[in-house]
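Colleague: Here is my input; please provide its structure:
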Amino acid sequence: MTNHAAFTAEDAVTAVPPPAQASRHFSSFPPRRARDCRKAALGRMDFAASGVLRAGSLVDSMKASSPRHAKFAAGADQEDWMEKHPSALERFEAVMAAAKGKQIVMFLDYDGTLSPIVEDPDSAVMTEDMRDAVRSVAQHFPTAIVSGRGRDKVFNFVKLEELYYAGSHGMDIKGPTTVSNHKAKADEVLCQPAIEFLPVVQEVYDTLTAKMESIPGAMVENNKFCLSVHFRCVDEKEWDALGEEVRSVMEGYPDLCLTKGRKVLEIRPSIKWDKGNALEFLLESLGYAGRGDVFPIYIGDDRTDEDAFKVLRSMGQGIGILVTKFPKETTASYSLREPAEVKNFLRKLVKSDVTKG
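Modeller: Sure, this is the predicted structure:
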């Protein structure tokens, strides 16, 4: 049975608790005051560093998000890329050696990581085998889903109450409603740094939904604190028109910014908060900030996951794992090809010696 320790909100923010044994985690997610995460997100996003799209680059960026157009670089060398970002399965023993004696904390993107990328975003369901693999990991390590999807939506896909959920690219964080046999702080919202943007996000959603009706295949998804404009099912001849419609709407909302994903345009508040900030917030709330005995593992497939990979690089702790079949520019240390390999990695992690500490 996993041992658990609970910390108060003040502990999570101001104190460094005694070291925890490897493979054992806190079952209670200590809430940090909502104003704390809003204060941390004050100021505008660093546009140059965050991949925010400029007007002239919109259509080119849309093309670059398509695997048919995106080849990393002309003549990109697969072997050279794999040397720099080796398979986390093939180098599993090296990963476990680095994690030995440390507390693993698992962070997982959803689309393209736990479920395949599909044409209809509402059909991106995970398999029961994948759900079982994630459930097993969460029995041994604190585990969070960090997604661009709305928190409620991704929860309805995953359906595991013992996880932490960070939706809207980390702008909506909530702890588990149950962890093993321990009563967690049920239904407590922990961090919503963009709460004041809700009315304007809804306004833009209504406007864009109306405008996209004229473009076959276009879909606008409301992820609460951000929006996703999906063009995976849009004929490429219509991409210019779609880009112009999005740009015309965005011109009226200078406090929102536009970024790209895999055949999707993301609209979100221009605040200093992303998946990397969510990772830091979760580690701090769990009492692991500034600790040398923690080993975060973040697995994701999208450009927005790079913010988390960069945080791990700057920390000099843990690893980032990029899910991709093609060479891409990334700060991740390792790679996996597809969700099936993610599942295999999680299975091996559960069976490894690090769960026996």
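Colleague: now the helices for the stretch 51-200 of the chain?
Modeller: Here the stretch 51-200 of the chain has its helices, by DSSP state H, counting those that start in this stretch, at 58-64, 78-84, 92-99, 128-140, 151-158, 198-212.
Colleague: and the longest one, how far from the chain's centre?
Modeller: Okay, so that is helix 198-212. Mean-position distance between helix 198-212 and its chain equals 23 Å (C-alpha atoms, centre = their mean, to the nearest Å).
Colleague: Same question for the fourth one.
Modeller: Counting by C-alpha atoms, centre = their mean, helix 128-140 is centred 18 Å from the centre of its parent chain.
Colleague: pull the CA atoms of that helix into PDB?
Modeller: In PDB, the C-alpha atoms belonging to helix 128-140 read as follows (Å, rounded to 0.1, in the frame of the first residue of the first chain):
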ATOM      1  CA  GLU A 128      -9.000   0.500 -22.500                       C
ATOM      2  CA  ASP A 129      -5.500  -0.900 -22.600                       C
ATOM      3  CA  MET A 130      -4.100   2.700 -22.500                       C
ATOM      4  CA  ARG A 131      -6.400   3.700 -19.700                       C
ATOM      5  CA  ASP A 132      -5.300   0.700 -17.700                       C
ATOM      6  CA  ALA A 133      -1.600   1.600 -18.300                       C
ATOM      7  CA  VAL A 134      -2.200   5.100 -17.100                       C
ATOM      8  CA  ARG A 135      -4.100   3.900 -14.100                       C
ATOM      9  CA  SER A 136      -1.300   1.600 -13.200                       C
ATOM     10  CA  VAL A 137       1.300   4.400 -13.400                       C
ATOM     11  CA  ALA A 138      -0.800   6.600 -11.200                       C
ATOM     12  CA  GLN A 139      -0.800   3.900  -8.500                       C
ATOM     13  CA  HIS A 140       2.900   4.400  -8.200                       C
END
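Colleague: quick revisit: of all the helices of the stretch 51-200 of the chain, which one comes closest to Gly300?
Modeller: The stretch from these with the least distance to Gly300 (C-beta to C-beta) is helix 151-158; that distance is 13.1 Å. For glycine as for every other residue, the C-beta is placed from the backbone atoms N, C-alpha and C.
Colleague: burial count for Asp109?
Modeller: Neighbourhood size, Asp109 [other C-beta atoms under 10 Å]: 25.
Colleague: Tell me the spatial nearest neighbour of it, not counting adjacent residues.
Modeller: In space, and not counting its chain neighbours, Asp109 is closest to Gly300: 3.5 Å by C-beta to C-beta, 6 or more residues apart in numbering.
Colleague: right, and that neighbour touches Met106 too?
Modeller: No. Using C-beta atoms under 8 Å, Gly300 is not in contact with Met106; the gap is 11.8 Å.
Colleague: tell me the secondary structure for Ser335?
Modeller: What DSSP: H, G, I helix; E, B strand; the rest coil gives for Ser335 is strand.
Colleague: For it, which residues are in contact?
Modeller: Neighbouring residues of Ser335 by C-beta atoms under 8 Å, 6 or more residues apart in numbering: Met82, His85, Pro86, Ser87, Ala88, Ile321, Leu322, Val323, Thr324.
Colleague: Select from these every entry located in strands.
Modeller: Ile321, Leu322, Val323 (DSSP state E).
Colleague: mind listing what the second one touches?
Modeller: By C-beta under 8 Å, 6+ apart, the contact set of Leu322 is His85, Gly300, Asp301, Asp305, Phe309, Lys328, Thr330, Ala332, Tyr334, Ser335, Leu336.
Colleague: any chance of those residues in a markdown table, with distance to Glu213 and pLDDT too?
Modeller: As requested, those are exported to a markdown table (distance: C-beta to C-beta, whole Å; pLDDT from 0 to 100):
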| residue | distance to Glu213 | pLDDT |
| --- | --- | --- |
| His85 | 41 | 97 |
| Gly300 | 32 | 98 |
| Asp301 | 30 | 95 |
| Asp305 | 31 | 96 |
| Phe309 | 37 | 98 |
| Lys328 | 33 | 91 |
| Thr330 | 36 | 97 |
| Ala332 | 38 | 98 |
| Tyr334 | 43 | 98 |
| Ser335 | 39 | 98 |
| Leu336 | 38 | 98 |
